[in-house]
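Q: Sequence plus the predicted model coming up.
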Amino acid sequence: MRRVQAFCECASIGSAKHVELMKQILDADPKKYKPLLRNLRITTIFGRFMIETSDPSHLVNHKNHLGQTPMHIAAKNGNLEVIKFLITNKANYNLASEV
């Protein structure tokens, strides 16, 4: 949960330093590789199973404790560089926040 909180906090602040930190958090995400489970959209890369970024459980789409996605947080705060980063990493911009 700390990883999601840190990722969303970086989306809120949106400086170049925080976009870089978001890249590091995303690269270090231990859950980006998951075993094959039912009902998840899975892609194989280098023999490893990866959750597709369009899946709501992927970090780029994961909602914080307030039910906001990183895309929602970045848009609310006017952080264009974060939005570009999320779109580049195939965040699902159609996910609705619970706010």
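A: On my side now, so go ahead.

Q: for the protein, what helix or strand is lowest in average pLDDT?
A: In the chain, the helix or strand scored least confidently by mean pLDDT, DSSP states H and E is strand 42-45, which has a mean of 50.

Q: Give the full set of residues in contact with the residue nearest the centre of the chain.
A: In the chain, the C-alpha nearest the mean C-alpha coordinate belongs to residue 60, at 1.0 Å (CA atoms, centre = their mean). Residue 60 makes contacts with 26, 53, 70, 86, 89, 90, 91, 92, as judged by CB atoms under 8 Å, 6 or more residues apart in numbering. Placement of C-beta: from N, CA and C, glycine included.

Q: out of those residues, who has the most neighbours?
A: residue 70 (28 neighbours; other CB atoms under 10 Å).

Q: Does that residue touch residue 86 like I think?
A: Yes - shown here, residue 70 and residue 86 form a contact pair, counting by CB atoms under 8 Å, at 5.9 Å.

Q: Overlap in contacts, these two.
A: What both residue 70 and residue 86 touch, as defined by CB under 8 Å, 6+ apart, is the set 11, 60.

Q: Mind jotting down where the helices sit in this protein?
A: 2-13, 16-27, 70-76, 80-88 (DSSP state H).
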